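Undergrad: The following block contains a protein sequence and its predicted model.
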There are 2 protein chains.
Amino acid sequence: MSTKSASIAPIEPARAWEVVLQHIEGDLLSGALKPGDHLPPERALAAELGVGRSSVREAIRVLEVLGLIRTASGSGPQSGAIIVARPTGGMSALVRLQVAAHGFAVRDVVKTRLVLESAVVAELAEARHPDLGAALELLDAMEQDEPLTRDEYLTLDQAFHLALAVASGNEVIASMMAGLRDSIESYVRVGAGNLPSWPDTEERLKAEHRGIVAAIEAHDADLARTRIRQHIETYHAETKVSSIHPD
Amino acid sequence: MSTKSASIAPIEPARAWEVVLQHIEGDLLSGALKPGDHLPPERALAAELGVGRSSVREAIRVLEVLGLIRTASGSGPQSGAIIVARPTGGMSALVRLQVAAHGFAVRDVVKTRLVLESAVVAELAEARHPDLGAALELLDAMEQDEPLTRDEYLTLDQAFHLALAVASGNEVIASMMAGLRDSIESYVRVGAGNLPSWPDTEERLKAEHRGIVAAIEAHDADLARTRIRQHIETYHAETKVSSIHPD
DNA sequence: GCTAGAGTGTGGTCTGACCACATGGTCTGA
DNA sequence: TCAGACCATGTGGTCAGACCACACTCTAGC
């Protein structure tokens, strides 16, 4: 406990957990902490900053949810809080919860995904040698002989779209795309269940995927934009007809 | 996420704070909690869910940072944890910390902002009657007689860009834009300090702002895209020359 | 009627105590 | 010498209880 007596109170006294958060952020900015490093043990951090361990834990929890660290109990080099800087999980949580709390409309999530993914395919089309290896493997997996269940297909579909974003080399867009998609995951799956004919839809989706890749490989950015737009809009329009939510 | 078979086999027993988070998310999805509502008091929530108060507080903290709730101590209708669903703050924190932890490259943040803002101005240009009132007021404020300091101008500039995003009516894009901009705020301000001639830059920025608005009002989406791209790219190129960071 | 004070309920914080667990060293017996 | 069992240690995870500061609400006294 730090002596609060006679301390000149700032305009807004930072809460204890904010002190911890700012301290860690400062260490990140100064380079004292890098991905792969361990945070000090919670008890040591608490003593160092003059706050209680519970306050340290609140800050740690925030960092964990935002995807900056991963925690593990026990002893040894794998335990403790380790900087990982994986934004995807945090982005998913943020968007998903905002959708749940009506801060984000599903319609806007879909539109934003459209904007980002259009940019992704256009950038890939304009790249000299876009690395579509991962995306192509996923397409092959979707077209294997054994029939896939709807859920399996949608999982691969999601991975395909994410692979395109990753291939574009922009981590920010890739994690935003992943977060947007994750957050409406349940809506997509429910919509797929209400489709009039899933096999027909699946065939159409496969053809559209190949068309998108073809446009990228042909370096035709405009065509790629058009096709990705149609791909997303068609699916959402089709599933929305039979969806429960009238909006 | 991967398999929907919700068997009891808990490979990973949910931690206490996750239980609280999931419970609140469930209440949001079911409509039991809406924006404006109060969360139960921490002590009541802890008793209801059979967890300790500290675990409840960790979940509450996460929700606060993500911008879902605001908390206030004291008594009465303004106190407690209230659902607000303001995504901007959470997005800013996420992006800022990921940049600090090298999960996001500043370059990608700028590129993403470019993608989103291009879409914003294009959408505004294609709208019948875009509501540019707030944006225009900010432009007027930037051009008043009394000279503005660099910081004041940049604050208005940021507000202008955000106003455009808000005018487009897409909350998701607006909060992402705000988060992206906030997260590189310090870089922008440092860059402005290193410009060869701020007054010249300020004049150019004013002209570019007016040009963007003119393109929107002329319903010329392509021109608006071009101008916003040039606006952002020029500024970042100019400040990067004298910046310390080589990349 | 009005005001000053007590009362109440809230979040914010700290402390101390356990637990489960992973690791790493030590001891024991072959 | 070495392999295996065992225990000490340090970590996060959790809980219970205790305060505090604060904002509101009620009420007694004027």
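TA: Arrived safely, thanks for sending.

Undergrad: If you count neighbours, what's buried in the worst-scoring helix or strand of chain A on mean pLDDT?
TA: Ranking every helix and strand in chain A by mean pLDDT, DSSP states H and E puts helix A:185-193 at the bottom, with a mean of 85. For helix A:185-193, burial by neighbour count (16 or more other Cβ atoms under 10 Å in any protein chain shown) applies to A:187-188, A:191-192. C-beta coordinates here come from the backbone N, C-alpha and C atoms, glycine included.

Undergrad: Please identify which of those is nearest to DNA strand D.
TA: A:Tyr187 (29.6 Å; Cβ to the nearest atom of the strand).

Undergrad: Would you agree the closest one is in contact with A:Val106?
TA: Yes. Assessed by Cβ atoms under 8 Å, A:Tyr187 is found in contact with A:Val106 at 6.1 Å.

Undergrad: Around DNA strand C, which positions in chain A sit nearby?
TA: Chain A has residues A:1-2, A:15-17, A:46, A:50-55, A:58, A:72-79 near DNA strand C, with proximity defined as Cβ under 7 Å from any atom of the strand.

Undergrad: switch to 10 Å and redo it
TA: A:1-2, A:4, A:13-20, A:42-43, A:46-47, A:49-59, A:72-79 (Cβ under 10 Å from any atom of the strand).

Undergrad: what about A:Ala32, how many neighbours?
TA: A:Ala32: 10 surrounding residues under other Cβ atoms under 10 Å in any protein chain shown.

Undergrad: phi, psi of it?
TA: Main-chain torsions, A:Ala32, degrees, to the nearest 10: phi -70, psi -20.

Undergrad: mind checking how far it is from chain B?
TA: Computed as Cβ to the nearest Cβ, to the nearest Å, the A:Ala32 to chain B distance reads 11 Å.

Undergrad: Can you give the domain ranges for chain A?
TA: Split into domains by automatic domain parsing, chain A comes to A:16-83, A:88-241.

Undergrad: would you list these in a markdown table and tack on distance to B:Val121?
TA: Formatted as a markdown table, the domains of chain A follow (distance: least, Cβ to Cβ, whole Å):
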| stretch | distance to B:Val121 |
| --- | --- |
| domain A:16-83 | 30 |
| domain A:88-241 | 12 |
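
Undergrad: Need those domains in TSV (columns: distance to DNA strand D).
TA: Listed next are the domains of chain A as TSV, based on distance: least, Cβ to the nearest atom of the strand, whole Å:
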stretch	distance to DNA strand D
domain A:16-83	3
domain A:88-241	15
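
Undergrad: With respect to these, which exhibits the lowest mean confidence?
TA: Comparing mean pLDDT across the domains of chain A, the weakest is domain A:88-241, with a mean of 92.

Undergrad: That domain and chain B, are they touching?
TA: Yes. Using Cβ under 8 Å from any Cβ of the partner chain, domain A:88-241 reaches chain B at A:90-91, A:93-98, A:100-105, A:108-109, A:111-112, A:115-116, A:119, A:151, A:155, A:170-173, A:176, A:180, A:185.

Undergrad: Narrow these to those in strands?
TA: Judged by DSSP state E, the subset of the residues of domain A:88-241 next to chain B located in strands is empty.

Undergrad: and the residues you listed, which are buried?
TA: A:90-91, A:93-98, A:100-101, A:103-105, A:108-109, A:111-112, A:115-116, A:119, A:155, A:170-173, A:176, A:180.

Undergrad: Give the burial count for A:Gly26, as a bare number.
TA: Neighbours of A:Gly26 under the rule other Cβ under 10 Å: 12.

Undergrad: Same question for the one 5 residues further on.
TA: Per other Cβ under 10 Å, the neighbour tally for A:Gly31 reads 8.

Undergrad: With the one 5 residues further on instead?
TA: Around A:Gly36 sit 9 other residues, with neighbours defined as other Cβ under 10 Å.

Undergrad: what do you get for A:Val120?
TA: So A:Val120, with other Cβ under 10 Å, has 27 neighbours.

Undergrad: All good on my end, thank you.
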